[in-house]
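Novice: I'd like to go over a predicted model; first the sequence, then the structure.
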Amino acid sequence: MSTVTATEDGTATPTSTKLEDHSEAYKELISKLQLITQLDRASAVLSYDQLVFMPQTEQTSSERGAQMSALASVQHEKKTDPEVLKLILEAKEDLKAASASSFCDFSDEARLLELEKKSFLENERIPQELAARSAALSTSAYGAWAKARQASDFSAFEPLLSDCFNTAKEVAEAKRGDAKDISLYTQMLDKFETGMAKSRIDDVFARIQTALVPLIARVSSSPSAPSTNPLKGTFPIDRQKELSEKIVKAIGFDDALGRIDVSVHPFTSSFSPSDVRITSRFSDSEWYQGLAGTVHEGGHAIYEQNLKGGSALNIDAALSMGTHESQSLFWERHVGLSKPFWKWATPMLNETFEGFDYSDRDVYEAVNALTRSLIRVESDELTYPLHVILRYNIENDVIEGNLAVKDIPTRWNDDMKKLLDLDVPSDDKGCLQDVHWSHLAFGYFPTYLIGSATAAQLSHYCHLDIPDMDDKIERGEFAEIKAWLTKKVHRHGKRYKSLDELLKNELGEELNPEYFIRYLTEKYTELYKCD
């Protein structure tokens, strides 16, 4: 592909629109970056196998930890190769020259070089020993967490969790370098929610908490609580799996380019846009959580499957975890918890489960009922934000030195009582329920609530652009909705510098939690007759 550039004698010569044709340094850099991407994907395959298929023994976990550590050493070596920085700097000069001598748009290449320079400098600051130690710790800590969770014994996990916090702090300290004005927690956030400062998150969360605490109290005291009978009974797991697969494929998950498995904790793993895998979990005593988990992870997978494929470059990766969560929660909640969705899906429930004979209104009310669950992933969407805020505050206080790891269970239980008026009976129902800390993923939890607020904002604007959106959902026609999300979110990858910038350019305003607050207020005051 080429453009035409006029010469001094008035003739025209074709000019390539590919920077590779103007810069040997950029061409060589791309080759090195694609190799790094494939190593990252290989690591993801090992992680997926560990969580889904691998035998869960101490010996097996130890061997897998050694494998992950060895691979992490190679990854770190490739990512911190001085030649990479040299090529980045040379390519930037070549880009300037190519831009000055042609009318080509090299904005993607400029953004990629910006991303890779930042990534290189951060990785370069992390000693190889620390990178390998962090990878090995994540593997051993996961095994310890799983056992402690099963035994409901925080003390069994405490030593390794302390190591996780300390190692994550070491990594954050190394990454921030001389920028001591950046807090360690803000540095950790950047890995998951790039471009969004902790102060911005504090503001968004404060507005949400201020609005939701009194709303939850009003809803909880309503005498008009909907029935949850449609959720109760015995539901064969094989039938649940079939139903979940049918629905997640209907909304846009391409199973020819992925698979659906079962794991302790539902998650999505992408090895490329052509191989995206999701997991869920099921219980034969309740059907909705398995379906909701599958649709949620399906939303993540749809995002990954609709990124620009083929480049294996960072610019064509997901923007941030908050952006990612907005996609899963858009489908799980703004589609999957809506009235029109259950008009479409309830007949399938009646066909799938013997003796299940409820109306779409019955099912809509049941799946939206306030549950006040101790478990984050099983909580309703009204109380869910407070689960996130609880974790956000705890991990931030540990990182900042205001809370000892040994005191996490007490703090957790106190905050659960304060925020949701719930008593925590055991550690597995409290501070051991989530896998994230065992993976050193500090700063991840707030992205769930950022994603919740973003999903509401996207839903608002999607309804404006597709006026018959509810009618389409009721008919099970999701293609146009998915295409809208691809246009507004998926296809951009990391071309924007932050979620705020993406929303500003694609919707006309930055993240605004008022859409989320209004959505929950209107929905639950109507459902619980609080007007």
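Specialist: All right, it came through fine. None of these values were measured; they are calculated from a predicted model.
Novice: Tell me which stretches of the stretch 151-300 of the chain form helices.
Specialist: For the stretch 151-300 of the chain, the helices defined by DSSP state H, counting those that start in this stretch cover 154-176, 184-192, 198-220, 237-251, 288-305.
Novice: what residues does the fourth one touch?
Specialist: To tie it back to what came earlier, the one meant is helix 237-251. Helix 237-251 has contacts (CB atoms under 8 Å, 6 or more residues apart in numbering) with 255, 260, 278, 280, 282-284, 287, 290-291, 294-295, 297-299, 302, 331, 335, 345, 348-349, 352-353, 476, 478, 482. For glycine as for every other residue, the C-beta is placed from the backbone atoms N, C-alpha and C.
Novice: try the third one
Specialist: Applying CB under 8 Å, 6+ apart, the external contacts of helix 198-220 come out as 183, 185-186, 189, 193, 370, 372, 382-383, 385-386, 389, 392, 396, 419-420, 446, 449-450, 453, 500, 511, 513-514, 516-517, 520-521, 524-525, 528, 530.
Novice: Run the angle between it and helix 184-192 for me.
Specialist: Orientation note: helix 198-220 sits at an angle of 80 degrees relative to helix 184-192 (axes from the mean of the first three to the mean of the last three CA atoms, to 10 degrees).
Novice: Tell me how far helix 198-220 lies from the chain's centre.
Specialist: Centre-to-centre, helix 198-220 and its host chain are 21 Å apart (CA atoms, centre = their mean, to the nearest Å).
Novice: what's the least confident helix or strand in this protein, going by average pLDDT?
Specialist: The weakest-scoring helix or strand in the chain, judged by mean pLDDT, DSSP states H and E, is strand 2-6 (a mean of 44).
Novice: how about stretch 40-49: buried residues?
Specialist: Buried residues in stretch 40-49, counted by 16 or more other CB atoms under 10 Å: D40, S43, A44, S47, Y48.
Novice: go on, stretch 107-116?
Specialist: When burial is assessed from 16+ other CB under 10 Å, stretch 107-116 yields the following buried residues: D108, E109, A110, R111, L112, L113, L115, E116.
Novice: ok so, going back, separate out the buried members of the contacts of helix 198-220.
Specialist: By neighbour count, with 16+ other CB under 10 Å, the contacts of helix 198-220 hold 183, 185-186, 189, 193, 370, 372, 382-383, 385-386, 389, 392, 396, 419-420, 446, 449-450, 453, 500, 511, 513, 516-517, 520-521, 524, 528 as buried.
Novice: Could I have the CA atoms of stretch 268-285 written out in PDB?
Specialist: Only the C-alpha atoms of stretch 268-285 are listed here, as PDB (Å, rounded to 0.1, in the frame of the first residue of the first chain):
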ATOM      1  CA  THR A 268     -10.600 -15.700  30.500                       C
ATOM      2  CA  SER A 269      -7.200 -16.400  28.900                       C
ATOM      3  CA  SER A 270      -6.200 -15.200  25.400                       C
ATOM      4  CA  PHE A 271      -3.300 -16.700  23.500                       C
ATOM      5  CA  SER A 272      -4.200 -14.600  20.400                       C
ATOM      6  CA  PRO A 273      -7.500 -13.400  18.900                       C
ATOM      7  CA  SER A 274      -7.700 -16.800  17.300                       C
ATOM      8  CA  ASP A 275      -7.400 -18.700  20.600                       C
ATOM      9  CA  VAL A 276      -9.400 -17.300  23.400                       C
ATOM     10  CA  ARG A 277     -10.500 -19.500  26.300                       C
ATOM     11  CA  ILE A 278     -13.100 -19.000  29.100                       C
ATOM     12  CA  THR A 279     -13.900 -21.000  32.200                       C
ATOM     13  CA  SER A 280     -16.800 -21.000  34.500                       C
ATOM     14  CA  ARG A 281     -18.100 -23.000  37.500                       C
ATOM     15  CA  PHE A 282     -21.400 -24.600  38.200                       C
ATOM     16  CA  SER A 283     -23.500 -25.800  41.100                       C
ATOM     17  CA  ASP A 284     -26.400 -28.300  40.800                       C
ATOM     18  CA  SER A 285     -28.400 -26.400  43.500                       C
END
